[in-house]
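show me the folded form of this:
(chains A and B)
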Amino acid sequence: MSITRRSFTKTALAAGAVLAAPSIVRASDRELVIISYGGALQEPHRWLGDKLQNEISGLTVRLVPSESQDIVAQIKAAQGFSPYDAMPNGEPPHLIAIRDGYIQELDRSRLENAGNVVPEFWDKTQGYGVPATFSLIGLAYNEEMVETPPTSWADMWNEEYADMVGICRTSSNLGLGTLAITAKIFGGSETDLEPAWQKLKELNPLAGRSPRILAQMMERGEIAIAPLWNNDAAVAAEKGLPIKFVKPDPGPVAILSVMSEITGARDSELVYRWMDGIISTEYQELAANAPYYFGVTVQGVDVPEAARPYTPSTPEEVASLQTVNWAEIVKVRPELVDRFDREFAT
Amino acid sequence: MAAAFWTRFRDGRGIWPAVPAFVFLTIFFIIPMAVLLSFGFTEIERGRIQDSGFTLRYLTGTLQDDLFWWVWWKSFYIGILSTLLCFLLAYPLAYLYSESGRTMRLLILVLTISPLLTSAIVRTYAWLVLLGGRRGVVNSTLIELGVISRPIRMLNTDFAVIVGMTQVHLPFMVLPLITVLAARDRNMEAASLGMGASRLATFFKIVLPLSTPGIVAGLTIVFALSYTNFIIPQLLGGGGFTTLAVQVYEQIVVVLNWSKGAMLALLLLGSCFVFILLIGLAGNRVMRWSQKEAA
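Residues are numbered from 1 along each chain as shown, chains lettered A, B, ... in the order given. Coordinates of the predicted model:
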């Protein structure tokens, strides 16, 4: 068979069409791009994504595991043309997102499951997004390195743990929460953080750049004790690592995570389906279970037995949860990030 | 005139072969970089440039900030130390290459280039495994051998960052040195030895000056890479370790203060250019001096 110029052109065009077909088809379908967590903590989102894909023909749900701060810079740079549709934010970045206008106000009447949510959580969202889950900041420790487990926040300053304490940078919610609770237990407040800086400096701590890195430092035995997210401690313990979590006196810090629609999301209807799924009983039951142990925000979901070391399971424990006036912290967040370098830069 | 211009264009002579690269770099590097750096002289609120016009506030504020100078010194010290370590490790290797037979040359070349086949991030993570805490390979081996009883803190220190940078950037020092040393004129060495100079004197008076272009190229590349490196300090330095590149990231991504981040980027880039220029000028002086000596 001879190859002519015409037959070659035809073949090339056909091959090009075949190669381009999947992306052409994909472009005509619907896509939902959601910012998610990294590692095992992403699994509840994946479950919800798969469920929506099965329910809505042609839908692709893409999860982007990333630190929300990295994404925020991209969303701001996109100037209203965000490549993402929805994102979970802890309370501090949620307040910043409302102030800076890159998340959308919520129309609760568009959610079938809105009635499930514990009413107090709606107040914390300030009318933006749905209260997805809550997490605790408590004390985690490496049981191979610690003989006496801590029971209170003040135990971090015990001689036994000298030079073995880790803290997270104030660029993270974990670092800000640590700073706020330290201020509170040593006579300061959200508007007077000076006592916290002094006390944290006394620890001569090893700093972690992010909560995940801090958890890894504990896994490797570089630090023995650190304020940590309950979920990160639970995932590490589930992997068989010698990490334990305690809810220290007077109580762990609870931070709500809010799932919000990003301003300029391409398909608002889909985002509402996603947010509705987040506050469904099914999703919340999954997120509350091993190994994630997220705190639930809807009524009628019991705390599983295995989650009890990680989440509040009795009315007394719920009452002891420490909350932070994040509005005050958010006002000075840039200064707090800067101050961390001035105090702890090595 | 027009005909000559067209002929040169058609024949691809003059600057024309460089035009595609020039256009590409202008659109995708120079213009975005200029826009980013210009942010350092404007007020940006919530992602939008304000109408308040040109300001020197971020430049003066940064230059008057002790933390900036401390971080600058840290970046410089880490950059210069890892560059010198790279040079000290790379030169003997490159010299060995130039003196070896085909098999040995191939082996050295493969060993030098093979790390470049994996990502620098992967290689940096490998250092986490080696140096990390009680479970790290180094500490657990030393404890098992009875050399130490408690693990030594190696990760999250300057040591870890310098070791990581030296390992990751070593090929960029070895390759220019290999190129220059392998292609050097051997007749001059033979003449020096023939006239009674010792091997050591011949090395310092002939081989080393002849390899100056490779040294300058290697120092320039490795210093620029080390001074502006972001990943290695982030992964191996710990949360308290900061350099100018890390500060740029913090300001732009974490604090969302684009103006300050852009100003830091400008100062990082500008000071890097100055150091590269100084390395180039020093290299030229050494070459002129050695030519004079030889004459």
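
can you list the domains in chain A?
A:5-134+A:256-315, A:135-253+A:323-344 (automatic domain parsing).

pick the most buried one from these.
With neighbours defined as mean count of other Cβ atoms under 10 Å in any protein chain shown, these peak in mean count at domain A:135-253+A:323-344, which reaches a mean of 20. For the C-beta atoms, the positions are set from N, CA and C on the backbone; glycine is no exception.

run the chain-centre distance for it.
16 Å (Cα atoms, centre = their mean, to the nearest Å).

could you tell me the end-to-end distance of that domain?
Taking Cα to Cα, to the nearest Å, the first and last residues of domain A:135-253+A:323-344 lie 26 Å apart.

so where's the chain shaky on pLDDT?
This is for chain A. A:1-28, A:67-69 (pLDDT under 70).

my bad, chain B
Counting by pLDDT under 70, the ranges of chain B that qualify are B:1, B:46-47, B:294-295.

how about a cut-off of 50?
Along chain B, segments meeting pLDDT under 50 are nowhere present.

where exactly do the strands run in the chain?
If you meant another chain, say so; for now it's chain A. Secondary structure of chain A by DSSP state E: the strands cover A:30-36, A:59-65, A:86-90, A:130-142, A:166-168, A:206-208, A:225-229, A:243-246, A:253-261.

wrong one, I was asking about chain B
Counting by DSSP E, chain B has strands at residues B:44-45, B:48-49.

just name the most buried of those.
Of all these, strand B:44-45 has the most neighbours on average by mean count of other Cβ under 10 Å, namely a mean of 14.

now for that one, which elements pack on it?
If you count contacts as 3 or more Cβ pairs under 8 Å, 6 or more residues apart in numbering or on different chains; DSSP states H and E, strand B:44-45 packs onto no helix or strand.

residues of the stretch 51-200 of chain A that sit close to chain B?
Counting by Cβ under 8 Å from any Cβ of the partner chain, the residues of the stretch 51-200 of chain A close to chain B are A:69-70, A:72-73, A:76-77, A:79, A:99-101, A:145, A:168-169, A:171.

ok, those vs A:Ser36, which is closest?
Of all these, A:Ser36 sits closest to A:Asp70, with 12.7 Å by Cβ to Cβ.

ok, that closest one touching B:Val253?
Yes: here A:Asp70 reaches B:Val253: they are 5.8 Å apart, a contact under Cβ atoms under 8 Å.

okay, A:Glu147 and chain B: tell me how far apart.
15 Å (Cβ to the nearest Cβ, to the nearest Å).

that residue touches A:Asn158, doesn't it?
No: contact criterion Cβ under 8 Å: A:Glu147 and A:Asn158 do not qualify, at 10.7 Å.

about what we covered before: the strands of chain B: which one's closest to B:Thr60?
Relative to B:Thr60, the nearest member of those by Cβ to Cβ is strand B:44-45, separated by 17.3 Å.

helices of the stretch 1-150 of chain A, start to end?
Per DSSP state H, counting those that start in this stretch, the stretch 1-150 of chain A carries helices over the ranges A:5-28, A:43-55, A:68-78, A:91-100, A:119-125.

spell out which residues of chain B are next to chain A.
By the rule Cβ under 8 Å from any Cβ, the part of chain B lying against chain A is B:46-48, B:67, B:70-71, B:74, B:128, B:132-136, B:151, B:153, B:155-158, B:234, B:237-242, B:247, B:250, B:252-257.

A:Met217 reaches A:Arg209, doesn't it?
No: the pair A:Met217 / A:Arg209 is not scored as a contact, 9.7 Å apart, by Cβ under 8 Å.

so what sits against both of those two?
Common contact partners of A:Met217 and A:Arg209 (Cβ atoms under 8 Å, 6 or more residues apart in numbering or on different chains): B:Gly238.

which residues touch the residue lying closest to A:Val296 once chain neighbours are set aside?
Leaving aside its sequence neighbours, A:Val296 sits nearest to A:Gln284 (Cβ to Cβ, 6 or more residues apart in numbering or on different chains; 4.5 Å). With contact taken as Cβ under 8 Å, 6+ apart, A:Gln284 is in contact with A:116, A:133, A:296-298, A:301.

what's the closest of those to B:Leu93?
Closest approach between the contacts of A:Gln284 and B:Leu93, by Cβ to Cβ: A:Thr133, at 54.2 Å.

measure the closest residue in space to that closest one that isn't next to it in sequence to chain B for me?
Among residues not flanking A:Thr133 along the chain, A:Phe294 sits closest, at 3.6 Å (Cβ to Cβ, 6+ apart). For A:Phe294, the distance to chain B (Cβ to the nearest Cβ) stands at 25 Å.

residues touching A:Phe294, list them.
Contacts for A:Phe294 (Cβ under 8 Å, 6+ apart) come out as A:44, A:133-135, A:231, A:257, A:287-288, A:311.

can you do 10 Å?
Applying Cβ atoms under 10 Å, 6 or more residues apart in numbering or on different chains to A:Phe294 gives the contacts A:37, A:41, A:44, A:132-136, A:230-231, A:234, A:257, A:283-284, A:286-288, A:307, A:310-311.

just A:Glu285 next, same as before
Taking Cβ under 10 Å, 6+ apart, we find A:Glu285 in contact with A:44, A:296, A:298, A:300-302, A:304.

helices along the stretch 151-295 of chain B, start to end?
With helices called from DSSP H, counting those that start in this stretch, the stretch 151-295 of chain B shows them at B:158-182, B:186-194, B:199-202, B:208-210, B:212-227, B:231-236, B:244-249, B:258-294.
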